[in-house]
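Asks: next comes the sequence, and after it the predicted model I'd like to discuss.
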Amino acid sequence: MVLKIFFPQCCNRADSGLLVGRWIAGHDSAVVLAVIHYPFIPGQVKQYIQQMQAQSGVELSVLGSWSLPKEGQEGLESFLRDLSTIFPQERWLQISRQMGKTGFTCEVLSRDQTGGSARRSNEAEAKKESKDGGDGEEEAEEKVIFVHYEQRKVMLSQLHPIANENPENKSEPSTELREMFQTVAHSQPLFFLDKYDDGLLKSTHWQSEGREASIIVELMKQASVPLCIFISWLLSVWTWTCNIWIFSVFPLCFLSSILSTFIQLSYRTEHMRTLSSPKSAEGHTQFMRKANILVSVLVDVALGVFLMSWLYRDDHISMLADALVPAADHVAQQLEELLQWLMGAPAGLKMNRALDQVLGRFFLYHIHLWISYIHLMAPFIEGILWYGGLSACFGLTFALSLLSDMVALFTFHIYCFYVYGARLYCLKIYGLSSLWRLFRGKKWNVLRQRVDSCSYDLDQLFIGTLLLTILLFLLPTTALYYLVFTLLRLVIVLFQGILHLSVDFINSFPLFAAGLRVCRSYRLAEGVKFRVLCEEPGTALHLLMEINPLKFSSVVRTYRTPTYSCYPKDSWAALVKKLFIGELIYPWRHKTTKTD
Amino acid sequence: MEEEAFTDINGKPITLDCHSHSSFCREFTVSSPKVSIGKVMVYTCSVWLLAYAVFFFTQNTAVLSSAILITLVGMMLHIHFVKVDHESLLVIGSLGIQVSSSYASGREVTTFIEMSKIKDIVINEAIYMHQIIYYLCVLLKEPFEPNEVSSVVPLFQSSKPRLGCLVKVYKSCQEILSTCQ
């Protein structure tokens, strides 16, 4: 078997002493965490280790001894070996390093519980061994790999895919590396012992050199508690207001389910509720979720304030409002021309004149109504924009959602045309399909959900065929109107879709995780990579363990905040089918599809 | 440390470099040939000639500058994402297997597979275009059923050495795997 020893890089030059760490059960590997220096009192070491074990929950033990002889420190070897009787272990590692050599040498002494006689491969050691008497020690024929790791990075990093933090429903047996990462991460209390402390024990391990701006962080932590309480109080007031019966009456509840501003408001409420919960985050996933939400809310608000400062400077709002009414007029005029064109012979097609005229007049009247509505609204538009622009202080997403809603309201006439066209077309298509069945002597059996043959009467057949002919000849006229208005509608849906996508992107993009990946790439680890370090003949194999950072695509996939774009999407084929049979399309999602 | 010349499935020369760090740790590096200067010349010349032809008809200088940009960006993307300089396999007994491929620009993509997840290393056959090729692959265990294979990780994917080279790598891998289990 090959024995693997994970050795921290910071202990490479430590003074001689005892190795403290943990044996990973079942994998034949040892994780060295710290070196406790001479001089020490064994009882105190044992007490210290027990104390640390209680604090960290890691089965710490003394793994062996470490010697880096300096000048004038001879004869340590025998002393080190004697230590193994003071700290009884199954196996005792004896790692030593010569000054000026890069490689370590390691001896493994295993305690033979049954055998009384001592047998050593090395004669010189065997002599010393015999002095011990009692327990015999035996050097097994073992090969050793030293894996050097950087304690700080391993301690802070999180191995992906994230293991279930609940020990009860473990989905996968934890592997050696995962155990090793967990051991180092959990033994943080061990690293609090400062090397400048005047304690009884001195040890070498990774130790923090003070955090940057730690005072500010602490102050902010203190300040965040009342802030969280305040926000949660505001949220409770807000929820209470939302639950008043007036909002559950039909038109308001329907409006709030389709207007994207309200949807965004509900998302933001949920996010703030997550943020302001007084409990600190349990585990890595929760913490990352909170941090991602916090950062994206902050960025969103910053962008919104930026937009607001642009809007309210130099009277951009009134310029926009002045431009809006002529634009609406222009659109209406263009539509009127389009209708006139359709009422003639569009693209050389010969339409049914009577139906064409009826439809055209109907739509023209609608446009007339619309224009008068716009002109009625004109004085108030600036006010609406002014107050609407204030919503940008809640974030850019609110401004974008409001823009999307405004676009929907200002193009309501196009939506109406589309609905009329689609309804007519849909009616015709359904009529045609059922009459076509009648024409063939078949009918749709509702109970069995299939087409059955059926014997019709003569007059039924006559009327049916007559209707089929009429509908068939009227179809091109309706289809043309439907086509034109659908195209107009699609342009608007596309614009709203882009707005929704950008809102969704700001809401769900894991900014904090991406920032961690860029600045502290070791924090999110996908795995590890090894590099062969030195090869001196006669020494054990030395590997350097580095942390393999997570790929950007998996960062986004793992940490994105779930919003509505995470639900299963409509396919393009479904959209085309809907367009073909004349079903209505909407930029928003229905509640029913959401729950599917 | 020894270097041997082999050929890949297209008959191009590749070199296999076996480096034995210790009795249970070996590194195999397969290096592909470098990009030939002729090929680069052919590609750049064809893009530039095409751009010049378009320029001749349209008299628009933007075409020429965009051609230069296209060649530069194309070359950068090629050496950063497509051209693999060498692929290496580091087998460490009882710890795991590390597969890494380094691109011509110096980018390195590394994955480490722990020994507890590995079932075996085998040489497999695959149908590739119109021929049957051999490739070396690592079989991964199903987490709960140790006798099932959950997935296959192919090795030396971009250099595609021929069977002779694969057998050599396979034999030394098996040697290490058998001693360490």
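Replies: Arrived safely, thanks for sending. Numbers count the residues shown, from 1 in each chain, chains lettered A, B, ... in the order given.

Asks: kindly state the domain boundaries assigned to chain B.
Replies: Following the assignment in automatic domain parsing, chain B carries domains at B:2-35+B:83-180, B:37-81.

Asks: what's the most buried one of those domains?
Replies: domain B:2-35+B:83-180 (a mean of 16; mean count of other CB atoms under 10 Å in any protein chain shown). All C-beta spots, glycine's among them, are computed from the backbone N, C-alpha and C.

Asks: residue ranges of the strands in chain B, please?
Replies: Counting by DSSP state E, one finds strands in chain B at the ranges B:2-7, B:13-22, B:25-31, B:84-92, B:96-103, B:108-114, B:118-128, B:131-141, B:149-154.

Asks: return the residues of chain B in contact with chain A.
Replies: B:21-25, B:27, B:90, B:92-95, B:98, B:100, B:110-112, B:114-117, B:143, B:180 (CB under 8 Å from any CB of the partner chain).

Asks: reformat the domains of chain B as JSON lines; add mean pLDDT.
Replies: What follows is the domains of chain B, written out as JSON lines (pLDDT from 0 to 100):
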{"stretch": "domain B:2-35+B:83-180", "mean pLDDT": "89"}
{"stretch": "domain B:37-81", "mean pLDDT": "92"}
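
Asks: kindly reformat those as CSV containing distance to residue A:177.
Replies: Output for the domains of chain B, formatted as CSV (distance: least, CB to CB, whole Å):
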stretch, distance to residue A:177
domain B:2-35+B:83-180, 6
domain B:37-81, 29
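
Asks: picking that back up, could the strands of chain B go into CSV alongside distance to residue A:494?
Replies: Conversion of those to CSV gives the following (distance: least, CB to CB, whole Å):
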stretch, distance to residue A:494
strand B:2-7, 54
strand B:13-22, 51
strand B:25-31, 50
strand B:84-92, 41
strand B:96-103, 39
strand B:108-114, 38
strand B:118-128, 42
strand B:131-141, 45
strand B:149-154, 40
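
Asks: which of the domains of chain B sits closest to residue A:321?
Replies: In terms of CB to CB, the element of the domains of chain B nearest to residue A:321 is domain B:37-81, at 39.5 Å.

Asks: burial check on residue A:243, number of neighbours?
Replies: One way to gauge burial is a neighbour count; for residue A:243, by other CB atoms under 10 Å in any protein chain shown, it gives 9.

Asks: quick one: it from chain B, how far?
Replies: Distance, residue A:243 to chain B, using CB to the nearest CB, to the nearest Å: 47 Å.

Asks: most distant residue from the middle of chain A?
Replies: Computed with CA atoms, centre = their mean, the residue of chain A farthest from its C-alpha average is residue A:458, at 66.3 Å.

Asks: how about it, phi and psi?
Replies: When read as degrees, to the nearest 10, the backbone of residue A:458 gives phi -70, psi -40.

Asks: biggest helix in chain B, by residue count?
Replies: With secondary structure taken from DSSP state H, chain B has its longest helix at helix B:37-58.

Asks: pretty sure residue A:313 sits in a strand.
Replies: No. With DSSP: H, G, I helix; E, B strand; the rest coil as the criterion, residue A:313 is coil rather than part of a strand.

Asks: closest one to residue A:498 among the strands of chain B?
Replies: strand B:108-114 (34.4 Å).

Asks: could you check the angle the closest one makes with strand B:131-141?
Replies: With axes from the mean of the first three to the mean of the last three CA atoms, to 10 degrees as the basis, strand B:108-114 and strand B:131-141 are set at 50 degrees to each other.

Asks: ok, now how distant is the residue nearest the centre of chain B from residue B:9?
Replies: Centroid-nearest residue in chain B, with CA atoms, centre = their mean: residue B:158, separated by 3.2 Å. Separation of residue B:158 from residue B:9 (CB to CB, to the nearest Å): 12 Å.

Asks: equivalent analysis for residue A:372, please.
Replies: Distance, residue A:372 to residue B:9, by CB to CB: 76 Å.

Asks: same check on residue A:508?
Replies: Taking CB to CB, one finds residue A:508 at 44 Å from residue B:9.

Asks: what of residue A:515?
Replies: 44 Å.

Asks: got a pLDDT number for the nearest residue to residue A:410 once chain neighbours are set aside?
Replies: In space, and not counting its chain neighbours, residue A:410 is closest to residue A:328: 6.3 Å by CB to CB, 6 or more residues apart in numbering or on different chains. Residue A:328 carries a pLDDT value of 81.

Asks: so residue A:328 touches residue A:374, yeah?
Replies: Yes. Contact criterion CB atoms under 8 Å: residue A:328 and residue A:374 qualify, at 4.9 Å.

Asks: looking at these two, which has the bigger crowd around it?
Replies: Taking other CB under 10 Å, residue A:328 and residue A:374 do not tie; residue A:328 has more neighbours (21 against 18).

Asks: distance of the more buried one from chain B?
Replies: For residue A:328, the distance to chain B - CB to the nearest CB - is 38 Å.

Asks: can you check residue A:15 too?
Replies: From residue A:15 to chain B the distance is 29 Å (CB to the nearest CB).

Asks: which residues touch that residue?
Replies: Neighbouring residues of residue A:15 by CB atoms under 8 Å, 6 or more residues apart in numbering or on different chains: A:35, A:37-38, A:68, A:70, A:204.

Asks: mind running it again at 10 Å?
Replies: Residues counted as contacts of residue A:15 (CB atoms under 10 Å, 6 or more residues apart in numbering or on different chains) are A:35-38, A:66-70, A:73, A:202-204.

Asks: narrow these to those in strands?
Replies: A:35-37, A:66-67, A:203-204.

Asks: of the residues you listed, just say which sits nearest to chain B.
Replies: Using CB to the nearest CB, residue A:66 comes nearest to chain B of the ones in strands among the contacts of residue A:15, at 22.1 Å.

Asks: relative to residue A:544, how far out is that closest one?
Replies: Going from residue A:66 to residue A:544 by CB to CB gives 19 Å.

Asks: who's more crowded, these two?
Replies: Taking neighbours as other CB under 10 Å, residue A:66 and residue A:544 compare with residue A:66 leading, 26 against 16.

Asks: beta partners of that one?
Replies: Listed beta-bridge partners, residue A:66: residue A:17, residue A:95 (assigned using DSSP bridges).

Asks: that one and residue A:105 touch, don't they?
Replies: No. If you go by CB atoms under 10 Å, residue A:66 and residue A:105 don't touch, sitting 11.5 Å apart.

Asks: overlap in contacts, these two.
Replies: Listed as contacting both residue A:66 and residue A:105 by CB under 10 Å, 6+ apart are A:94-97.

Asks: make a markdown table out of these and add pLDDT and neighbour count.
Replies: As requested, the shared contacts of residue A:66 and residue A:105 are exported to a markdown table (pLDDT from 0 to 100; neighbours: other CB atoms under 10 Å in any protein chain shown):
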| residue | pLDDT | neighbour count |
| --- | --- | --- |
| A:94 | 81 | 22 |
| A:95 | 83 | 25 |
| A:96 | 80 | 18 |
| A:97 | 80 | 20 |
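
Asks: for these, which one is nearest chain B?
Replies: The closest of the shared contacts of residue A:66 and residue A:105, once distances to chain B are taken by CB to the nearest CB, is residue A:95, at 17.3 Å.

Asks: show me what contacts the closest one?
Replies: When contacts are counted by CB under 10 Å, 6+ apart, residue A:95 touches A:5, A:7, A:11, A:19, A:32, A:35, A:63-68, A:80, A:104-108, A:144, A:146, A:540.

Asks: and the host helix or strand of residue A:515, what's buried?
Replies: Element membership of residue A:515 [criterion: DSSP states H and E] is helix A:511-519. Using 16 or more other CB atoms under 10 Å in any protein chain shown as the test for burial, helix A:511-519 gives A:511-514, A:516-517.

Asks: so how far is stretch B:46-56 off the chain centroid?
Replies: Taking CA atoms, centre = their mean, to the nearest Å, one finds the center of stretch B:46-56 at 34 Å from the center of the full chain.

Asks: understood, closing this out.
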